[in-house]
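Asker: Sequence first, then the predicted structure:
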Amino acid sequence: MWEHNIYYPFSDRAEWELAKFLCDNFNQGQITRFLKLLWTRKPLSFKNAKQLFTFMDVLPVAPRWKCTPIHTDGYTTTHPVNLIWRDALEVVHHIFGNPIFANHMEYDPYEINDNGEREYREWMSCEQASEIQNELPVGTTIMPIILASNKTPVTRQTGSLEMHPTFLTISNIHSEIRMKATSHTWACIAYILVPEYTVAQKSVPMFVAFHVIVSLGVRVWESD
């Protein structure tokens, strides 16, 4: 199935894009009427809205979002502080198992030598990769995790609150693919709210609150 067609159960990318557009913008009755139009001449894998939704249910499910309240004892915030997050391990598995990246992955450490001098390119070409791999059981591989975050305003349905979205990817994916925004190799795993304190507590350093939330978030990921 997905090994031969990454858009299964849809026939190709064009059909998948049409299906996603219909589901995002039309209700069931509108989809059915659209599919009956003479303009829709190309035979599709789905004939009506019910069959389309059945196809959508077959698609792999991405890790689900969760919400954990964060309490900072002794400090009062103007808004409740919540850590909006996804299980980082589930996200890693989701990225690693994505067939789109299958031909752009590295699983084993290696060395590159040019005229007797060692060169370093992908992460798997460094000494640390070999050292870690040598400690693992036969048949296993390393999945180096990369995290990135930056403060940004999130305006949609949040009242323009500032947050630190935290993104994750893995070094197994070739860097030339990993660094392309259109490749979608990075996945958001958390939205960390920047707390706003009451007037009497504005002197509290923001970075202190941020690190408290990050440490709590890491503990949540480790214990889930």
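Answerer: Cool, got the structure. Numbering: from 1, shown residues only.
Asker: Dig out what the residue nearest the centre of the chain forms beta bridges with.
Answerer: The residue lying closest to the centre of the chain (C-alpha atoms, centre = their mean) is Ala187, at 1.9 Å. Per DSSP bridges, the residues bridged to Ala187 are Leu168.
Asker: how about the strands of the chain, start to end?
Answerer: Counting by DSSP state E, the chain has strands at residues 65-70, 81-86, 112-114, 117-119, 145-149, 152-154, 161-170, 187-193.
Asker: Check which helices and strands the fifth one is in contact with.
Answerer: Read it as strand 145-149. strand 161-170 (3 or more C-beta pairs under 8 Å, 6 or more residues apart in numbering; DSSP states H and E). (C-beta placed from N, C-alpha, C; glycine too.)
Asker: Need the CA coordinates for the strand it packs on. CSV is fine.
Answerer: Extracted in CSV, the C-alpha atoms of strand 161-170 (Å, rounded to 0.1, in the frame of the first residue of the first chain):
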residue,chain,number,x,y,z
LEU,A,161,-0.8,35.8,23.1
GLU,A,162,2.9,35.3,22.7
MET,A,163,4.2,31.7,22.7
HIS,A,164,7.3,29.7,22.1
PRO,A,165,6.4,27.1,19.4
THR,A,166,8.8,24.2,19.8
PHE,A,167,9.7,22.1,16.7
LEU,A,168,11.3,18.7,16.3
THR,A,169,13.0,16.7,13.6
ILE,A,170,15.5,13.9,13.3
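Asker: how much distance is there from that strand to the middle of the chain?
Answerer: Strand 161-170 sits 10 Å away from the centroid of its parent chain (C-alpha atoms, centre = their mean, to the nearest Å).
Asker: what about that strand, average pLDDT?
Answerer: Mean pLDDT, strand 161-170: 84.
Asker: buried set for it?
Answerer: 161, 163-170 (16 or more other C-beta atoms under 10 Å).
Asker: again with stretch 104-119
Answerer: Applying 16+ other C-beta under 10 Å to stretch 104-119 flags 106, 109 as buried.
Asker: End to end on it, go ahead and measure it.
Answerer: End-to-end distance for stretch 104-119: 20 Å, by C-alpha to C-alpha, to the nearest Å.
Asker: picking up where we left off before, what's the least confident stretch among the strands of the chain?
Answerer: Across the strands of the chain, strand 152-154 gives the lowest mean pLDDT, at a mean of 70.
Asker: so where's the protein shaky on pLDDT?
Answerer: 1-3, 41, 72-73, 153-161, 197, 199-224 (pLDDT under 70).
Asker: ok, which stretches of it are helices?
Answerer: Ranges of helices in the chain, per DSSP state H, are 13-25, 28-35, 49-58, 88-96, 127-134, 175-178, 206-223.
Asker: Of all the ones you listed, which one is nearest Ile70?
Answerer: helix 206-223 (5.5 Å; C-beta to C-beta).
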